[in-house]
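1. Got a predicted structure here, sequence first:
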Amino acid sequence: MPIRPFSRSASLFIAGSSSLMLISTTAFAHPGHEASASMLMSGLLHPLTGLDHLLAMLAVGLWCALTQKTVRRALWTPLCFVGLLLIGALAGLAGFGLPALEPMISVSLLVLGLLVAGRTSLPAWAGAALVGFFALFHGVAHGSGLPAGASAVAFFAGFLLTTTTLHLTGLAAGFALKRRDFGLTRVAGAGIALYGAALLSSMA
């Protein structure tokens, strides 16, 4: 029996997400970055070195696709995430911190996962504000560990590119699945939320 388009999309989403998780070298750690000849490559890989970052970025795209009618509307919130991520990274590079940084990153997974699981719609401004708020914490975590003398421009360009790619992956999966496989998106959202809750409980 030929694979139907939505089944193929679902399979690709599962396979792609699983592959990204397998190359993640740590579930929840931001140990900093060693200066290297290719800070661009370091930046490209950094969002993939922690499931907290990776799942949050996928969840943003997935949620926007599931709750918006058009691609144009769905892109607005991920763009806000990328913009506030950069602001947070610049703040972290300058030495500014945020209270409860790691717990708030875990909270972002819990909240985004619940939004995906419930296909919960918010006003556009509220969704952008919520996602942008979480992006600041992820950005500070990205920028605060950059070693002295390393190319911040190359590193930031790399992780912004990977972040955008993860958002687009989530968007593509969400639009492919939104009218065809409601159960899979519920399971994905619930899994992300449970992972965030588990991280929070480990900090207690």
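-> Looks like it arrived, so ask away. Residues are numbered from 1 along each chain as shown.
2. rest of the way, CA atoms for contacts and neighbours
-> Fine.
3. Now do V60, the pLDDT please.
-> Reading off the per-residue confidence, V60 sits at a pLDDT of 98.
4. tell me which helix or strand of the protein sits lowest on mean pLDDT?
-> One helix or strand of the chain scores below all others by mean pLDDT, DSSP states H and E: helix 5-23, with a mean of 44.
5. Please, where are all the helices along this structure?
-> Secondary structure of the chain (DSSP state H): helices located at 5-23, 39-45, 51-67, 71-93, 101-118, 124-143, 152-177, 182-203.
6. Among the ones you listed, show me which one is buried the most.
-> With neighbours defined by mean count of other Cα atoms under 10 Å, none of the helices of the chain is more surrounded on average than helix 51-67, at a mean of 27.
7. tell me what that one is packed against?
-> In terms of contact count using 3 or more Cα pairs under 8 Å, 6 or more residues apart in numbering; DSSP states H and E, helix 51-67 is assigned the packing partners helix 5-23, helix 71-93, helix 101-118, helix 152-177, helix 182-203.
8. These: which one's closest to A129?
-> Within these, the stretch nearest A129 is helix 71-93; the backing value is 8.0 Å (Cα to Cα).
9. which residues does the most centrally placed residue in the chain contact?
-> To find the centre residue of the chain, average its C-alpha atoms and take the closest one (Cα atoms, centre = their mean): that gives M57, at 1.3 Å. With contacts defined as Cα atoms under 8 Å, 6 or more residues apart in numbering, M57 is in contact with 163, 166-167, 170.
10. Likewise for L114?
-> Residues in contact with L114 (Cα under 8 Å, 6+ apart) are 189-190, 192-193.
11. if we can go back for a sec, for the helices of the chain, which has the smallest mean pLDDT value?
-> Ranked by mean pLDDT, those end with helix 5-23 in last place, scoring a mean of 44.
12. Contact partners for L161?
-> Contacts of L161 by Cα under 8 Å, 6+ apart are L44.
13. ok, now V60?
-> Taking Cα under 8 Å, 6+ apart as the definition of contact, the neighbours of V60 are 77-78, 112, 131, 167, 170.
14. Which two of those have the greatest separation?
-> Based on Cα to Cα, the longest span within the contacts of V60 runs between V131 and G170 and measures 14.4 Å.
15. and A198, how far is that from A188?
-> 15 Å (Cα to Cα, to the nearest Å).
16. Equivalent analysis for P47, please.
-> Note on P47: its distance to A188, by Cα to Cα, is 19 Å.
17. G43 now?
-> Look at G43 and A188: by Cα to Cα, they are 26 Å apart.
18. likewise P99?
-> For P99, the distance to A188 (Cα to Cα) stands at 29 Å.
19. Likewise for L136?
-> The span separating L136 from A188 equals 24 Å under the rule Cα to Cα.
20. quick one: stretch 81-101 to chain centroid distance?
-> Relative to the centre of its chain, stretch 81-101 is centred 15 Å away, using Cα atoms, centre = their mean, to the nearest Å.
21. now stretch 155-168
-> Relative to the mean C-alpha coordinate of its chain, stretch 155-168 is positioned 10 Å out (Cα atoms, centre = their mean).
22. Same question for stretch 137-151.
-> 17 Å.
23. Just the CA trace of that stretch, in PDB.
-> This file holds the C-alpha atoms of stretch 137-151, laid out as PDB (Å, rounded to 0.1, in the frame of the first residue of the first chain):
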ATOM      1  CA  PHE A 137      16.100  33.000  28.600                       C
ATOM      2  CA  HIS A 138      17.300  30.700  25.800                       C
ATOM      3  CA  GLY A 139      19.300  33.600  24.300                       C
ATOM      4  CA  VAL A 140      21.100  34.400  27.500                       C
ATOM      5  CA  ALA A 141      22.000  30.700  27.900                       C
ATOM      6  CA  HIS A 142      23.400  30.800  24.400                       C
ATOM      7  CA  GLY A 143      25.400  34.000  24.700                       C
ATOM      8  CA  SER A 144      26.800  33.800  28.300                       C
ATOM      9  CA  GLY A 145      29.200  31.000  27.600                       C
ATOM     10  CA  LEU A 146      31.000  32.400  24.600                       C
ATOM     11  CA  PRO A 147      34.800  32.400  25.300                       C
ATOM     12  CA  ALA A 148      36.800  35.600  25.200                       C
ATOM     13  CA  GLY A 149      38.300  36.200  21.800                       C
ATOM     14  CA  ALA A 150      35.900  34.000  19.900                       C
ATOM     15  CA  SER A 151      33.900  35.400  17.000                       C
END
